[in-house]
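Visitor: give me a model of this one.
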Amino acid sequence: MENDYLNDPEFQELIRQYLDFLVNALPDVKANLSDKNFLEVQKFGHNMKGSGGGYGLDEFSEFGSQIEKAAMVQDELALENLIVTFDKKLAETVNRFAVK
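Guide: Numbers count the residues shown, from 1 in each chain. Next up, the predicted model:
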């Protein structure tokens with residue numbers, strides 16, 4: 001995540017908005033997984049795979065790719081583990097970009 005843009009206050013605000021979007025989307029992702037709505041989980045993963053890197057969050061793109069792939073094959077256990085791990089990483093990243 002180390003990148004010149006990450007130190008730019010305006011870009012940091014965009015990152016905070018993106019993180020806020022993910023925080024708000026995560027309960028729906030968890031509900032979709034609980035309901036075995038793998039298509040919606042797959043869409044979430046696909047979108048995050050494409051958007052994370054644009055914010056300098058390449059690890060989020062990788063999570064998105066893994067979530068998308070696991071949802072495509074309906075691997076519920078893998079998805080549960082990915083979502084738990086992603087949730088923790090998201091919380092850490094939110095704290096990192098919190099307004100100080």
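
Visitor: I'd like the distance between residue 31 and residue 11.
Guide: 31 Å (C-beta to C-beta, to the nearest Å). In this view, the C-beta of every residue, glycine as well, is placed from N, C-alpha and C.

Visitor: and for residue 47?
Guide: Residue 47 sits at a distance of 20 Å from residue 11 (criterion: C-beta to C-beta).

Visitor: same deal with residue 83?
Guide: Applying C-beta to C-beta to residue 83 and residue 11 gives a distance of 27 Å.

Visitor: ok, back up a step: more neighbours, residue 31 and residue 11?
Guide: Neighbour totals were compared for residue 31 and residue 11, and residue 11 leads with 15 against 12 (other C-beta atoms under 10 Å).

Visitor: pretty sure residue 51 contacts residue 15?
Guide: No: judged on C-beta atoms under 8 Å, residue 51 makes no contact with residue 15 at a distance of 11.2 Å.

Visitor: between the two, which is the more surrounded one?
Guide: residue 15 (20 against 16).

Visitor: OK, contacts around that one?
Guide: Residues in contact with residue 15, defined by C-beta atoms under 8 Å, 6 or more residues apart in numbering, are 6, 55, 56, 57, 97.

Visitor: so what pLDDT did it get?
Guide: pLDDT for residue 15: 94.

Visitor: do the same with residue 41
Guide: We have a pLDDT of 98 for residue 41.

Visitor: mind listing what it touches?
Guide: With contacts defined as C-beta under 8 Å, 6+ apart, residue 41 is in contact with 29, 32, 33, 67, 71, 79.

Visitor: go again using 10 Å as the cut-off
Guide: For residue 41, the contacting residues are 28-33, 35, 67-68, 70-72, 74, 76, 79, 82-83, by C-beta atoms under 10 Å, 6 or more residues apart in numbering.

Visitor: swap in residue 20?
Guide: 94, 97.

Visitor: helix or strand for it, which one?
Guide: helix 9-34 (DSSP states H and E).

Visitor: quick check: next helix or strand after that helix?
Guide: As assigned by DSSP H and E, the chain's next helix or strand after helix 9-34 is helix 38-51.
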